[in-house]
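Q: quick one: sequence plus predicted model below, questions after.
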Amino acid sequence: MTQDELKTLVGQAALHYVEAGSIVGVGTGSTVNKFIDALASMKDSIKGAVSSSVASTERLQALGIKVFDATEVDELGVYIDGADEIDHAGYMVKGGGAALTREKIVAAQSRKFVCIADESKLVDALGSFPLPVEVIPMAAKRIARQFAAMGGTAVLRQKDGAPLVTDNGQHILDVTGLKIADPLAFESQVNQWPGVVTVGVFAFQKASVCLLGTAAGVKTLVF
């Protein structure tokens, strides 16, 4: 089974967690796009969605799904999103699609986080995938030096020959060379550095459930 087919499988499986009449939290990325496409099949039985990115908003609206602003909704029952890495405790690294800050905001607004991923994303320890960190541009060089002091190498993410600009108007550092042994402590530490908007470790907003696409079908992990 191809990776694309695995993404389609878990995207469809996530519909099980969507309650009729609810507003659904929707993440960002190629796996989430499969979920959005599947969600269109039941769009008449939900109120709509809160989206974590401009890209997901546009896809939802193109399929006729109403998108609410996060400020219009007090609480979401479920947030469905992918991950770049997820460990056996449900802690994740996210932000490969540059939407980590809004993803974390919508996740914090939701009672349950359902992660959808293929089995290549399941790891014993976080840190192999370059860690995204959204930063205010004027602080980027200093923050890179702070990661260097931890043994990491931080590189400013580029797009079309210039620094990538997030939906929030900020930049992203991708950090390699780290092993994140204690995700909760690491997230707390880095989020306190002046100029960090969000670090891409999702420990406080970890997954409740992971639907993992495997060659044998969808495996459900509960944390």
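A: Received the coordinates, thanks.

Q: where's Glu5, which helix or strand?
A: Element membership of Glu5, judged by DSSP states H and E, is helix 3-13.

Q: what comes up buried for that helix?
A: Residues of helix 3-13 classed as buried: Leu6, Lys7, Thr8, Leu9, Val10, Gly11, Gln12, Ala13 (neighbour count, 16 or more other CB atoms under 10 Å). No exception for glycine: its C-beta is placed from N, CA and C like everyone else's.

Q: so which of those residues comes closest to His88?
A: Nearest to His88 among the buried residues of helix 3-13 is Val10, at 17.6 Å by CB to CB.

Q: pull up the gap between the closest one and Glu58, please.
A: Look at Val10 and Glu58: by CB to CB, to the nearest Å, they are 22 Å apart.

Q: just how off-centre is the very next helix or strand once past the helix holding Glu5 within its chain?
A: The first helix or strand that comes after helix 3-13 along the chain, using DSSP H and E, is strand 23-26. The chain centroid and the centroid of strand 23-26 are separated by 13 Å under CA atoms, centre = their mean, to the nearest Å.

Q: Gly77 contacts Ser22, correct?
A: Yes - contact criterion CB atoms under 8 Å: Gly77 and Ser22 qualify, at 5.1 Å.

Q: excluding chain neighbours, what is closest to Arg111?
A: Counting by CB to CB, 6 or more residues apart in numbering, Arg111 lies nearest to Gly77, which is 5.6 Å off, once chain neighbours are set aside.

Q: in a strand, that's where the one you found is, yeah?
A: Yes - the assignment for Gly77 (DSSP: H, G, I helix; E, B strand; the rest coil) places it in a strand.

Q: what's the local residue count around it?
A: A total of 15 residues lie near Gly77 under the criterion other CB atoms under 10 Å.

Q: which segments of the chain make up each domain?
A: According to automatic domain parsing, the chain is divided into the following domains: 3-123+204-222, 131-199.

Q: just put those domains in CSV and tack on mean pLDDT.
A: Formatted as CSV, the domains of the chain follow (pLDDT from 0 to 100):
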stretch, mean pLDDT
domain 3-123+204-222, 97
domain 131-199, 98
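
Q: please work out which of the ones you listed is packed deepest.
A: The highest average neighbour count among the domains of the chain, using mean count of other CB atoms under 10 Å, belongs to domain 3-123+204-222 at a mean of 20.

Q: next, the distance between the ends of that domain.
A: Its start and end residues considered, domain 3-123+204-222 measures 22 Å (CA to CA, to the nearest Å).

Q: and that domain, how far from the chain's centre?
A: 8 Å.
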